[in-house]
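[1] Okay, structure incoming, though there's no sequence with it:
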């Protein structure tokens with residue numbers, strides 16, 4: 001038998017490894033005890049919010065019985081100071097929906113300590129420019145909803161540090177053309193809704209450098225045809241809502257370059273058959289709303305050339321059986337699955353002819369069977 005000798009160097013190495021392992025375990029244990037209080041606070045917050053009727057998205061933690069709260073919706077619920085305290089305890093909160101609650105500017109101070117918040121919805125609340133001082137500290141925000149609040153141009157100026165912003169909802173706010181100058185601070189913006197604001201052509205022109213824009217709502221704003229020249233700078237634009245604006249035939253000419261446009265809402269505008277011809281170039285157009293416009297049967301002949309069209313609404317127009325006949329005989333409209341004809345001059349026979357040609361299409365009309 002050959003006896004093995006262990007060198008002093010080997011013993012020293014083993015001792016070093018043992019000491020390092022013990023030190024590592026002490027660090028892990030200490031860290032664990034350090035985070036447990038915050039986990040308990042979050043667990044209590046979870047239980048409180050759940051009892052209050054909030055919708056909660058949570059992920060189990062490694063420690064049994066604990067969960068990380070990632071998303072909370074209290075939309076439409078009453079809101080108390082204790083609710084705000086509980087929300088502030090959810091340190092990993094990423095999505096927070098407080099739309100239609102009683103949240104006030106003073107509450108937002110408690111939320112600016114949420115480091116991982118990316119989506120915040122405050123529409124239909126009493127939030128004002130003063131509260132946006134706190135929102136501006138949430139530099140990880142990508143989506144912000146402020147619809148129907150008292151936010152003004154000065155408030156938008158406070159939000160310029162939010163350079164990661166992708167979506168902003170400003171419908172029904174007090175924003176004007178002056179506030180639109182701050183949109184350049186959000187170069188990655190892909191969705192902006194500005195319905196029922198005082199924004200006009202000058203303000204929309206501020207958006208023409210936002211090349212990531214995919215969704216733009218300008219419903220019931222003060223724009224005219226000239227505003228649509230800005231769309232040339234938005235190569236990815238797919239949804240455009242112009243309902244209730246002063247847009248006419250000339251404006252549609254500027255949409256020819258928006259080749260990705262798929263959803264177009266023109267109800268209540270000055271558009272006529274002459275403008276519809278510009279839409280033929282939009283090969284990806286799936287949804288087209290032309291309610292209460294000047295479109296006639298001749299325009300329907302042009303629409304029949306839109307091969308990708310799936311949803312068409314021409315309610316409260318002068319369309320007759322002749323216009324519907326153009327759709328019924330169009331071989332390119334095999335994808336059409338919804339047509340809205342209420343308030344038109346289309347007869348029961350015209351509807352029947354269209355239904356025969358497109359048996360799987362839903363046809364909504366005011367004429368009886």
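    Great, that's in hand. What you see is a predicted model; the values in this text were computed from it and never measured.

[2] Return the per-residue confidence for residue 329.
    pLDDT for residue 329: 83.

[3] tell me the contacts of it?
    Going by Cβ atoms under 8 Å, 6 or more residues apart in numbering, residue 329 touches 304, 357. C-beta: built from backbone N, CA, C; applies to glycine.

[4] what's the spacing between it and residue 354?
    Residue 329 sits 10 Å away from residue 354, going by Cβ to Cβ, to the nearest Å.

[5] cool, and residue 148?
    For residue 148, the distance to residue 354 - Cβ to Cβ - is 39 Å.

[6] More neighbours: the two, which one.
    More neighbours surround residue 354 than the other of residue 148 and residue 354, with 24 against 18 (other Cβ atoms under 10 Å).

[7] Where do the strands of this protein begin and end?
    Assigned by DSSP state E, the strands in the chain fall at 55-60, 67-73, 95-97, 119-121, 143-145, 167-169, 191-193, 215-217, 239-241, 263-265, 287-289, 311-313, 338-340, 362-364.

[8] Listing partners with orientation, what would you give for the third one?
    Okay, so that is strand 95-97. strand 67-73 (parallel), strand 119-121 (parallel) (DSSP bridges).

[9] Residue 343 contacts residue 315, doesn't it?
    Yes - between residue 343 and residue 315 there is a contact at 4.8 Å, judged by Cβ atoms under 8 Å.

[10] Contact partners for residue 248?
    225, 269-272, 275.

[11] Determine how far the last residue of stretch 274-293 lies from the first.
    12 Å (Cα to Cα, to the nearest Å).

[12] For that stretch, list every residue counted as buried.
    274-276, 278-279, 282, 285-293 (16 or more other Cβ atoms under 10 Å).

[13] Now that stretch: average pLDDT?
    Mean predicted lDDT for stretch 274-293 stands at 96.

[14] chain center to that stretch: distance?
    In terms of Cα atoms, centre = their mean, to the nearest Å, the centre of stretch 274-293 is found 23 Å from the chain centre.

[15] Equivalent analysis for stretch 211-230, please.
    Going by Cα atoms, centre = their mean, where stretch 211-230 is centred and where its chain is centred differ by 16 Å.

[16] what does stretch 199-206 give?
    Stretch 199-206 sits 20 Å away from the centroid of its parent chain (Cα atoms, centre = their mean).

[17] now what about it, what contacts it?
    For stretch 199-206, contacts defined as Cβ under 8 Å, 6+ apart pick out 175-181, 183-184, 218, 221-224, 226-227, 229-230.

[18] May I see the PyMOL selection of the buried members of those residues?
    Buried subset of the contacts of stretch 199-206, written as a PyMOL selection, criterion 16+ other Cβ under 10 Å:
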select buried, resi 175+176+177+178+179+180+183+218+221+222+223+224+226+227+229+230
